[in-house]
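S.K.: Here is a sequence with its predicted model. Questions after.
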Amino acid sequence: MSYSLAVDSGGTKVQAILYDEKFRQLSSCRVGSMRLNTTPLAVAKKHADELICALGLDGKELDTVCGIFEDTLKTELEKRCAVTQFHRDSEAMLGFYASCVFRDGCLVVAGTGATVFVRKDGREVSAGGYGNLVADEGSGYWIGKEAMMAAVRDYENRGERTCLTDLIAKMMGGSRESFRERLFAYVYGRENASPAACVSGCCRLVSKASQMGDEMALQILSRAGQLLAQQAVSLMGKEQMPADTPIALCGSVWRSHHALRDAFDGELARLCHRGHVSSPVFEPIVGAVIGHHQRVHGGFSAWDKGILMENFKEYLFDQR
């Protein structure tokens with residue numbers, strides 16, 4: 001039996017799947033981020049060690065390591081495993097393949113960060129994705145930051161009342177009354193998480209608040225959907241793509257609440273885009289497995305898709 005490892009490294013977490021030569025999942029794990037723009041080097045190394053230990057990779061021979069991975073993990077794997085080949089995939093490729101899209105089109109990624117990609121005649125171009133220090137409009141970080149600011153304004157009695165304040169205060173281990181001091185400790189005083197990662201963590205609370213009917217949370221998600229649509233249409237226009245260009249979606253933010261998708265679709269219509277919008281089939285990490293399958297077998301059929309849907313069923317997007 002030969003082993004391969006698929007990795008999807010993001011700004012908040014790293015997912016990894018160990019699978020065999022028949023593309024059957026053997027084990028998997030999730031650890032903290034290794035991206036050095038959001039995570040201290042010592043913490044990234046700790047997360048790399050956790051991944052290797054969780055999957056029992058010490059001393060193991062790996063045929064292929066594929067997907068999106070940081071040099072921190074690559075270095076540790078080279079030290080502790082025998083790896084035949086490393087294959088770095090682009091974020092766009094993982095997203096398109098996870099949506100089972102193998103033709104020209106547009107991909108809108110909204111996870112911790114947000115980037116729009118266009119694939120045309122074998123060429124990939126992108127927009128957005130400038131990181132949290134500049135602009136990641138519509139991303140999990142952006143949503144989390146908007147939620148944090150809404151809570152701050154509510155706490156200081158200069159904004160709308162929102163249940164986000166109480167939800168965020170509880171997440172930080174305090175209450176509305178201790179919001180200010182808990183915020184400083186939670187965002188700026190944690191050794192194992194960067195401020196950006198702490199702010200991004202508020203995104204899931206926006207989803208929870210929107211399910212409770214909180215108006216501010218719904219406004220934030222609607223605005224995120226509009227911004228993502230604007231970026232997509234702008235990039236497609238720049239690349240002279242037709243108005244019926246298909247759009248694939250990718251990333252955890254799309255699970256937040258239907259308000260985000262409704263606003264996205266509404267903004268596309270307002271901007272006269274008529275292309276079909278498809279939700280992901282798999283989590284992005286399975287895109288790395290599909291890419292590996294393509295390189296080994298020279299294609300990916302409907303039959304192959306069905307097999308992977310069974311072998312990686314816990315990574316089907318709609319089931320998580």
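M.R.: That came through fine. The structure presented is a predicted model; accordingly, all values stated were derived computationally and were not measured.
S.K.: Read off the pLDDT value for residue 284.
M.R.: With respect to pLDDT, residue 284 scores 93.
S.K.: can you map out the helices along the chain?
M.R.: 41-54, 71-80, 91-98, 140-155, 164-171, 179-188, 195-200, 203-211, 215-238, 258-270, 284-297, 302-311 (DSSP state H).
S.K.: Going by contacts, tell me the helices and strands next to the fourth one.
M.R.: Under the contact definition 3 or more Cβ pairs under 8 Å, 6 or more residues apart in numbering; DSSP states H and E, helix 140-155 sits against helix 164-171, helix 179-188, helix 195-200, helix 203-211, helix 215-238. C-betas here are computed from N, CA, C, even on glycine.
S.K.: Tell me which of the helices of the chain is the most buried.
M.R.: Most buried of the helices of the chain, by mean neighbour count (mean count of other Cβ atoms under 10 Å): helix 91-98, with a mean of 25.
S.K.: residues making contact with it?
M.R.: Helix 91-98 is contacted from outside by 8, 67-68, 102, 105, 107, 109, 115, 117, 119, 124, 126, 248, 250-251, 280-288, 290-291, 294, 300, 317, using Cβ atoms under 8 Å, 6 or more residues apart in numbering.
S.K.: quick check: angle from it to helix 284-297?
M.R.: Calculated by axes from the mean of the first three to the mean of the last three Cα atoms, to 10 degrees, helix 91-98 forms an angle of 80 degrees with helix 284-297.
S.K.: And the protein, what are its domain boundaries?
M.R.: 3-94+282-319, 102-133+225-278, 140-220 (automatic domain parsing).
S.K.: Retrieve the pLDDT associated with residue 320.
M.R.: Confidence score, pLDDT, at residue 320: 42.
S.K.: same question, residue 141
M.R.: The model reports residue 141 with a pLDDT of 94.
S.K.: contacting residues around it?
M.R.: 11, 112-113, 132, 196, 199-200, 203.
S.K.: before we move on, the earlier item: same list (the helices and strands packed on helix 140-155) but as TSV, adding mean pLDDT and distance to residue 58.
M.R.: As requested, those are exported to TSV (pLDDT from 0 to 100; distance: least, Cβ to Cβ, whole Å):
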stretch	mean pLDDT	distance to residue 58
helix 164-171	96	35
helix 179-188	93	35
helix 195-200	88	27
helix 203-211	96	33
helix 215-238	97	41
